[in-house]
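1. Predicted model and sequence below, questions to follow.
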Amino acid sequence: MKKNILILFIVLISLVVVCAHAQDSREAAKIRYLIASVETLDGAKFIRNGREYDARSAANHLRLKLKNAGYRVRTAEDFIKFCGSKSSITGEPYLIRFADGTTVKTEVFFSKKLTAFAKD
């Protein structure tokens, strides 16, 4: 009887670990999608602390912030909050100026992209 309970316990723990890892994989895919959505913007400028950067530089900056955020970023929503929405130094919001001149906060841009990802 004790052996069966122990086996059941081990199986349940294994399932929890597998499910947690699967969640991490899905969230990591969402985060990669969000970064790629900035990196592939033609003619857009990423505005950080009053300076403009091209799409590739913006994506590289976001990857660096993600790496430095460590365990704080577990979900795509965490990524938006801790890495993709504002400067961790000045607190100024990040902006994207599209090729047509329209400017939006990256937090809004990423939230819309995340919603679109969920629908696919």
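-> Noted; the coordinates are in hand.

2. CA atoms for contacts and neighbours, from now on please.
-> Fine.

3. now that we're looking at the residue nearest to Asp54 when sequence neighbours are not counted, how far away is Gly101 from it?
-> Spatially, and ignoring its direct neighbours in sequence, Asp54 is nearest to Lys45 (5.2 Å; Cα to Cα, 6 or more residues apart in numbering). Computed as Cα to Cα, to the nearest Å, the Lys45 to Gly101 distance reads 10 Å.

4. thought the residue nearest to Asp54 was touching Phe98?
-> Yes. The criterion here is Cα atoms under 8 Å, and Lys45 meets it with Phe98 at 6.5 Å.

5. Neighbour count: the two, which is higher?
-> Each of Lys45 and Phe98 has its neighbours counted (other Cα atoms under 10 Å); Lys45 has more, 23 against 15.

6. helices and strands around whatever helix or strand Lys67 lives in, which ones?
-> Assigned by DSSP states H and E, Lys67 belongs to helix 55-69. Under the contact definition 3 or more Cα pairs under 8 Å, 6 or more residues apart in numbering; DSSP states H and E, helix 55-69 sits against helix 2-39, strand 45-48.

7. cutoff 10 Å now
-> helix 2-39, strand 45-48, strand 51-53, helix 76-79 (3 or more Cα pairs under 10 Å, 6 or more residues apart in numbering; DSSP states H and E).

8. ok, then the element right after the last one?
-> Which is helix 76-79. Past helix 76-79, the next helix or strand by DSSP H and E is strand 95-97.
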